[in-house]
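Asker: based on what follows, work out the 3D shape:
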Amino acid sequence: MTELQNINEQIHDTKQLLEQIENPGSDKLMRFIYNQDNQLLSNLMKKKQKIIIESFKETVPQHITSPADIIELIYTKEHFGPIDPFYIAEYFGFKIDQNYDLQGDIGKCEFDGETIRITYKATQPVRDKFTIAHELGHVFVHFSTGIDSVFIDEHIGGSALPTNSTNYQPVMQAARNTTTTNTIEAEANEFAGQLLVPRAILERLLERIPDNQSISATLIKKFFHVSTPVLEISLKKYGLLFSSKINNDLQ
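Answerer: Residues are numbered from 1 along each chain as shown. Below you'll find the predicted structure:
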């Protein structure tokens, strides 16, 4: 049994003890036991968090913090074409599962102390690419920097993820759905846009356009195999949404 599994069992047992003393009332002994168990639970959760953070650092390269870092690591400098987020996830050893039973959610990512797992509801290739890229954004941006306040034992904007094992308890989670819009989701969207439409490749594409001519945004969209919103996110981020070299025919 790993240390994390042992901690999880202790947390489970302590929570059960606390449930048996729902209301310690005026009984001094019961209040003492209740307070002791609460303190034990708090200490166990802090220890669990420390283990998870250290394990995460060993699972995900800490020098990878941006889409550009990922592309530089995985693709050659000569690469001139679409980016495959499924291949990227596989490269890092992340697990990808399809689950058509996700209720309201398009995709989820989670870390159980050993494995990064991305689960998504398959729709269409272009949308699925963005979902995986979005979840990679949560992994590389938020799991690394927002662990303390956001992703420990939290569900972000979604329902619990069905799993094969009743004992499986993911400890870091993020979800992408069609209703949640907040800073965290916007950051993951931005990460996905920059991953699927890399600035370096886009600039090389634009360099091929003769002076006083422009390329259709629709053609750029087809070149990268992305949707209109994804391309707009990227062009806006790069300050190229109204570039003279791009004919913005996305409307």
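
Asker: show me where the stretch 151-251 of the chain has its strands.
Answerer: 172-177, 215-216, 246-247 (DSSP state E, counting those that start in this stretch).

Asker: for the helix or strand where H134 lies, what is the average pLDDT?
Answerer: For H134, the enclosing helix or strand under DSSP states H and E is helix 125-137. The average pLDDT within helix 125-137 is 94.

Asker: pull the distance from it to the chain's centre.
Answerer: Remark: helix 125-137 is offset 10 Å from the chain centroid, using CA atoms, centre = their mean, to the nearest Å.

Asker: list the buried residues for that helix?
Answerer: By neighbour count on 16 or more other CB atoms under 10 Å, the buried set for helix 125-137 is 126-137. Where C-beta positions appear, they are placed from N, C-alpha and C, glycine not excepted.

Asker: C-terminal to the helix or strand where I70 lies, what's the next element?
Answerer: In this assignment (DSSP H and E), I70 forms part of helix 67-74. Following helix 67-74 in sequence order, the next helix or strand is helix 85-91 (DSSP H and E).

Asker: that following helix packs against which elements?
Answerer: Counting contacts by 3 or more CB pairs under 8 Å, 6 or more residues apart in numbering; DSSP states H and E, helix 85-91 packs against helix 67-74, strand 95-98, helix 125-137, helix 183-196.

Asker: got a markdown table for the buried residues of helix 125-137, with distance to N8 too?
Answerer: Shown next, in a markdown table, are the buried residues of helix 125-137 (distance: CB to CB, whole Å):
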| residue | distance to N8 |
| --- | --- |
| V126 | 39 |
| R127 | 35 |
| D128 | 32 |
| K129 | 34 |
| F130 | 33 |
| T131 | 29 |
| I132 | 28 |
| A133 | 31 |
| H134 | 28 |
| E135 | 24 |
| L136 | 26 |
| G137 | 27 |
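
Asker: can you give the distance of the helix or strand hosting L29 from its chain's centre?
Answerer: Using DSSP H and E, L29 falls within helix 28-59. Here helix 28-59 is found 25 Å from its chain centre; the criterion is CA atoms, centre = their mean.
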